[in-house]
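# here is a sequence together with a model predicted from it:
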Amino acid sequence: ALLHASNLTLNSINAGDESEIDRTNAHLQPMLSLLGIDVDTLNRALCYFSIVAGREKHTRSNSKEKAEKGLLALIKATYGALFSYVVNRVNESITVEERPSRVGGGGGTSARRGNDVKSKAAASIGVLDIFGFESFKSNSFEQLCINYCNEALQQQFNMFVLKNEQDEYEKEGIQWSFISFPDNQD
């Protein structure tokens, strides 16, 4: 849905002071369907804003530029929320409850206190990139993209500089010492 949203277009209307969603855009219907919203609701959210003054509410139009910024903010916020959701689900799946053992046994029933059960991570996830190992308490979608790009760039460097150069040396029969480098595509 968000990839479709990033391909939406907006039209300027009324000499550029107002805007509207381009209803002919091929990405509009798939995005609306995936998000479960209708075009009028999305158009109101992106192309209009409200001002409350006292007890009165006034609705005004956004320019095309402001509506586009609103769309980008919506996409970024949704990606951020989705990333946080995935991180939280992973954290929940690797966390185990630790129950303290009771000394003396007693055998009777006792009320459980909220502090009898503690949670601790059974495992952790970190990110290894070309600049080293990073372990974040909180991460962002932007950081994930940066790490992904760094890994892709490192792989590109390894492939086209190191590996191809060594292949060329072999073809030309040049004496050299093999340079080992990690292949992080596995």
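Received it, and whenever you're ready, just let me know what you need. Keep in mind it's a predicted model, so treat the numbers as computed, not measured. Numbering: from 1, shown residues only.

# going by C-alpha atoms from here, please, whenever you check contacts or count neighbours.
Will do.

# could you look up the SS state of Asn25?
At Asn25 the chain is in coil, as set by DSSP: H, G, I helix; E, B strand; the rest coil.

# thought it was touching Ser6?
No - with contact defined as Cα atoms under 8 Å, Asn25 does not count as touching Ser6 (11.5 Å).

# can you check the pLDDT for the closest residue to Thr59 other than its chain neighbours?
Distances taken as Cα to Cα, 6 or more residues apart in numbering put Ser50 closest to Thr59, at 4.3 Å, once the chain neighbours are dropped. Ser50 carries a pLDDT value of 93.

# neighbour count for Asn25 and Ser6, which is higher?
Counted by other Cα atoms under 10 Å, Asn25 and Ser6 do not tie: Ser6 has more neighbours, with 16 against 13.

# ok, now how distant is the more buried one from Glu68?
10 Å (Cα to Cα, to the nearest Å).

# quick one, helices of the chain?
Taking DSSP state H as the criterion, the chain carries its helices at 2-5, 28-35, 39-47, 64-93, 141-157, 164-172.

# can you pull the contacts of Gln175?
Tyr169 (Cα atoms under 8 Å, 6 or more residues apart in numbering).

# my guess is Leu71 meets Leu46, correct?
Yes - Leu71 is in contact with Leu46 according to Cα under 8 Å; the separation is 6.5 Å.

# pick out whichever of those two has more residues nearby.
More neighbours surround Leu46 than the other of Leu71 and Leu46, with 24 against 21 (other Cα under 10 Å).

# I'd say the more buried one and Leu72 touch.
No - counting by Cα under 8 Å, Leu72 is not a contact partner of Leu46; they are 10.0 Å apart.

# list the buried residues in stretch 21-33.
21-22, 27-29, 31-32 (16 or more other Cα atoms under 10 Å).

# so which of those is the closest to Glu168?
Closest approach to Glu168 among the buried residues of stretch 21-33 (Cα to Cα): His27, at 45.8 Å.

# check contacts around the residue nearest to the closest one when sequence neighbours are not counted.
Computed as Cα to Cα, 6+ apart, the closest residue to His27 that is not its neighbour in sequence is His4, at 5.1 Å. With Cα under 8 Å, 6+ apart as the criterion, the residues that contact His4 are 27-28, 30-31.
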